[in-house]
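K.L.:
For reference, the sequence and a predicted model appear below.
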Number of protein chains: 2
Amino acid sequence: MIERVDEIAAALGRGPEPSEEGRDRAARVAWSCLIEPGDRIAGALVRARGAAEAWEIAAREPRPAELGALAGVDPSEARAALERWRPRRSGGAIDDAVRRARRNDVTVVTPHDALWPTALDDLGDHAPLCLWARGDVSRLGIPSPSVAVVGARAATSYGEHVAAELAAGLAHVGIAVVSGAAYGIDGAAHRASLAAGGTTFAFLAGGCDRSYPSGHADLLDRIAAAGVVVSEVPCGAAPTKWRFLQRNRLIAAVSGATVVVEAGLRSGSLNTAGHAAALGRPIGAVPGPVTSAASAGTHRLLREFDAVCVTNVAEVRELVGDGSDAPRLAPDGASSDRTRVLDALSERADRSVDRIAAQSGMSVPDVEAVLGGLLLEGRVEPTGEGWRRRLA
Amino acid sequence: MIERVDEIAAALGRGPEPSEEGRDRAARVAWSCLIEPGDRIAGALVRARGAAEAWEIAAREPRPAELGALAGVDPSEARAALERWRPRRSGGAIDDAVRRARRNDVTVVTPHDALWPTALDDLGDHAPLCLWARGDVSRLGIPSPSVAVVGARAATSYGEHVAAELAAGLAHVGIAVVSGAAYGIDGAAHRASLAAGGTTFAFLAGGCDRSYPSGHADLLDRIAAAGVVVSEVPCGAAPTKWRFLQRNRLIAAVSGATVVVEAGLRSGSLNTAGHAAALGRPIGAVPGPVTSAASAGTHRLLREFDAVCVTNVAEVRELVGDGSDAPRLAPDGASSDRTRVLDALSERADRSVDRIAAQSGMSVPDVEAVLGGLLLEGRVEPTGEGWRRRLA
């Protein structure tokens, strides 16, 4: 399977003498068929030498010390990488993936493309080398913020309701909703974004030609029609547990913030939140009843991960710096004299200033000053015998 | 009304020649009849000169400059204090309060008493000068932590359920529950503490001979039978809005932590939480559905006051440093190789090490090492043809 980049580029339809960019694209496709998501040594080698040269280096099976020097990593790490790449050298994985991609209208997107989501570069050596995408890939590059709305498969109707409210609200203000196309919260978020005419991105753990979960095949087709279905593993790849965990890092990285709507204590969405925290992206957690196991994970995020409690779209927008701040609580001491004077007044009986002063424990001049302010506000009225509180 | 301390002491039954302590106690009673709760100038004067001398000073109506110098406050503040004390000089308020207290078995507790809750001293010049208490006042001085469980009058059945669960759980581990005897959350907390045989303290805004709210007269009697009903205002005093706000500072100060169970955005329990924050006491907030207005205030505490999300008794105990820490989330990366190998195995078909390595994207030696560990754990079994995952 370790083929020359030119051959791969030819297979990708880039002609017999591909451009520099075509060769890089071909090499990234090849790499994504060789490695598991998040392979740090591959990432480091590609960053150091470029994808095409990195591929030719790997193809000639260098000694660990040489690979280590070229990639800027420790020789023992380089040795481990060479050993884990070796078992995948046989077989026509690249050809197979490319054929499947062509059959399913799946496009390969690389950092050379203007529509590459540059937020992924924050992953450094763990960044994906390319994305396999199905749908309106031009939307991937939109510069406006996107928000991950994720959560448990075992969601409650409360959780699905809140996910839908948030996703619809985000769609209305032009914020793309990122999620993982799972049952439960993810599906509710995608669906509500679509229904509100928004853009939504589904990141899959397996190849994006495979509809997973199968019950969401129609939903994934609808997402591809109005947004994008994305994966970093090649077409045909199975959605393994490892790839789910790594897929979560893409959701966290591509989004300006990650909001977990419902999560059990072992929900994978806590892993997404962990990636967001590692990347310094804000985490929002939607609270729920403490009696609901489906909210135990979001409460743990509030307790232990410094997540922000979010209860509506405005608060989610704040996470990504979109929209104005919500009004703050008024400081309670500011109007204390006012409160004391109003306490001492009646709506039915006249009260003299002396009596108000005695009852409120304030001085006569202070009472008079406060009464003046309340008069301007229409809260009190002077009577022949003193003062009265006006009916609200 | 400004009488000599000896006369007041005599009225309090301390005899014609009261002790130093008896004169102090008498002066504190007198002061609590003159001022509104939280009067900083009175507090500063008492702290500087002692209650009895402070009272004699106030009685001779000093010039503002003299009072300012004696209390260590600004002359303009001293002038304002003298003016707000003046309207209350007439009338037999002290006699009346003392008579009412005697009639209702209400005891005066001062910092001279061993059972004075010293946590109140953290309020500095805003500390109450004495407490009027009905019930088993010996419990006031117990050194174990107490927790305020407060919340909205307009509580939901969810909120009352959670308040009761928390209060009962605290009672079971010997933690006193402090609250404000209001309808809703407060009442549920007091009742559950009583039912679990715990100690509970009700802090009232009015005199503790007045049952407020009247619908809780029976509950207040039961609290007095097993715990204590407390107020800083004298018997007979009305529960004004100002006194509610000031009462809240006592609840916050006397408690090791304040837990708000449910609160609308304008609930008085947010004021209690604000006092707790000002005193550096931890605030716990119980989350609830974002669709419930009765939880909007607790969610705001989580967002804006850095409150700790609490969902059970163990988490409330953590707030006051009682009990062990809850287990932390396991770091997700630790078992990644294990996950990848388990992904590559089947329960029904044998898989060779080479195949596992290819499928997991790991080296053969790494796969062998992980398989060894999984074998010890009983998660995998070797077969003639390779390895199988064991049925869980």
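P.N.:
Perfect, I can see it now. Every value quoted in this text rests on a predicted model; they were computed, and no experiment measured them. Residues are numbered from 1 along each chain as shown, chains lettered A, B, ... in the order given.
K.L.:
from here on, contacts and neighbour counts on C-alpha atoms
P.N.:
Fine.
K.L.:
Contact partners for residue A:198?
P.N.:
Counting by Cα atoms under 8 Å, 6 or more residues apart in numbering or on different chains, residue A:198 touches A:168, A:170-172, A:174-177, A:226.
K.L.:
you'd agree it is in a helix?
P.N.:
No - counting by DSSP: H, G, I helix; E, B strand; the rest coil, residue A:198 is not part of a helix but coil.
K.L.:
how far away is it from residue A:382?
P.N.:
Distance of residue A:198 to residue A:382, given as Cα to Cα, to the nearest Å: 58 Å.
K.L.:
what ranges do the strands span in the stretch 101-250 of chain A?
P.N.:
A:106-109, A:131-135, A:146-150, A:176-179, A:200-203, A:228-231 (DSSP state E, counting those that start in this stretch).
K.L.:
Then the stretch 251-392 of chain A?
P.N.:
A:257-260, A:283-285, A:308-309, A:380-383, A:386-389.
K.L.:
got the contact list for the shortest one?
P.N.:
The one in question is strand A:308-309. Applying Cα under 8 Å, 6+ apart, the contact partners of strand A:308-309 are A:282-287, A:302, B:299, B:302-303.
K.L.:
what would these look like in CSV with pLDDT?
P.N.:
Output for these, formatted as CSV (pLDDT from 0 to 100):
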residue, pLDDT
A:282, 96
A:283, 97
A:284, 98
A:285, 98
A:286, 98
A:287, 98
A:302, 96
B:299, 97
B:302, 96
B:303, 93
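K.L.:
At the geometric centre of chain A, which residue sits there?
P.N.:
Taking Cα atoms, centre = their mean, the centroid of chain A lies closest to residue A:148, which sits 2.8 Å from it.
K.L.:
For it, which residues are in contact?
P.N.:
A:177-179, A:251-252, A:255-259.
K.L.:
swap in residue A:336?
P.N.:
Applying Cα under 8 Å, 6+ apart to residue A:336 gives the contacts residue B:242.
K.L.:
shaky segments in the stretch 251-392 of chain A?
P.N.:
A:323-335, A:392 (pLDDT under 70).
K.L.:
Residues of it that sit close to chain B?
P.N.:
A:271, A:286-290, A:299, A:302-303, A:308-312, A:332, A:336, A:339-340, A:343, A:354-355, A:357-364 (Cα under 8 Å from any Cα of the partner chain).
K.L.:
Going through the residues you listed, which ones are buried?
P.N.:
Burial by neighbour count, judged by 16 or more other Cα atoms under 10 Å in any protein chain shown, picks out A:271, A:286-290, A:299, A:302-303, A:308-312, A:339-340, A:343, A:354-355, A:357-364 from these.
K.L.:
out of the strands of the stretch 101-250 of chain A, which comes closest to residue B:163?
P.N.:
If you check each of the strands of the stretch 101-250 of chain A against residue B:163 by Cα to Cα, strand A:146-150 wins as the nearest, at 30.1 Å.
K.L.:
quick one: strands adjacent to that closest one?
P.N.:
Partners of strand A:146-150 in the sheet, by DSSP bridges, are strand A:176-179 (parallel), strand A:257-260 (parallel).
K.L.:
okay, the strands of the stretch 251-392 of chain A in CSV with distance to residue A:277 next?
P.N.:
Below are the strands of the stretch 251-392 of chain A laid out as CSV (distance: least, Cα to Cα, whole Å):
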stretch, distance to residue A:277
strand A:257-260, 9
strand A:283-285, 7
strand A:308-309, 12
strand A:380-383, 53
strand A:386-389, 53
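K.L.:
Just say which of those is most tucked in.
P.N.:
Highest mean neighbour count among these (mean count of other Cα atoms under 10 Å in any protein chain shown): strand A:257-260, with a mean of 32.
K.L.:
Need the residues that contact that strand.
P.N.:
Contact with strand A:257-260 is made by A:146-151, A:252, A:269-270, A:272-273, A:276, A:281-286, A:298, A:316, A:319-320, as judged by Cα under 8 Å, 6+ apart.
K.L.:
filter the residues you listed to the buried ones?
P.N.:
The neighbour count (16+ other Cα under 10 Å) marks A:146-151, A:252, A:269-270, A:272-273, A:276, A:281-286, A:298, A:316, A:319-320 as buried among these.
K.L.:
need the helices for the stretch 101-250 of chain A, in chain order.
P.N.:
With helices called from DSSP state H, counting those that start in this stretch, the stretch 101-250 of chain A shows them at A:157-172, A:185-195, A:217-226, A:241-254.
K.L.:
so what does the longest one touch, helix or strand wise?
P.N.:
When contacts are defined as 3 or more Cα pairs under 8 Å, 6 or more residues apart in numbering or on different chains; DSSP states H and E, helix A:157-172 packs onto strand A:176-179, helix A:185-195, helix A:313-319.
K.L.:
Once you drop chain neighbours, what's closest to residue A:83?
P.N.:
Excluding its sequence neighbours, the residue lying closest to residue A:83 (Cα to Cα, 6 or more residues apart in numbering or on different chains) is residue B:363, at 4.5 Å.
K.L.:
near chain B, which residues of the stretch 1-150 of chain A show up?
P.N.:
Neighbours of chain B within the stretch 1-150 of chain A, by Cα under 8 Å from any Cα: A:34-36, A:80-88.
K.L.:
between those residues, which is nearest chain B?
P.N.:
Ranked by distance to chain B (Cα to the nearest Cα), the residues of the stretch 1-150 of chain A next to chain B are led by residue A:84 at 3.6 Å.
K.L.:
Quick one: residues contacting that closest one.
P.N.:
Residue A:84 makes contacts with B:357-358, B:361-364, as judged by Cα under 8 Å, 6+ apart.
K.L.:
Could you confirm it falls within a helix?
P.N.:
Yes - assessed with three-state DSSP, residue A:84 lies in a helix.
K.L.:
Tell me the confidence at it?
P.N.:
If you check residue A:84, the pLDDT there is 92.
K.L.:
quick one: is stretch A:238-250 near chain B?
P.N.:
Yes - using Cα under 8 Å from any Cα, stretch A:238-250 reaches chain B at A:240-242.
K.L.:
Show me the contact partners of that stretch.
P.N.:
Contacts for stretch A:238-250 (Cα under 8 Å, 6+ apart): A:36-38, A:120, A:180, A:203-207, A:212, A:231-232, A:268-269, A:271-272, A:275-276, B:336, B:339-340, B:343.
K.L.:
Can you list the buried residues in that stretch?
P.N.:
Here stretch A:238-250 shows A:238-250 as buried, counting by 16+ other Cα under 10 Å.
K.L.:
Quick one: mean pLDDT over that stretch.
P.N.:
The pLDDT scores in stretch A:238-250 average 95.
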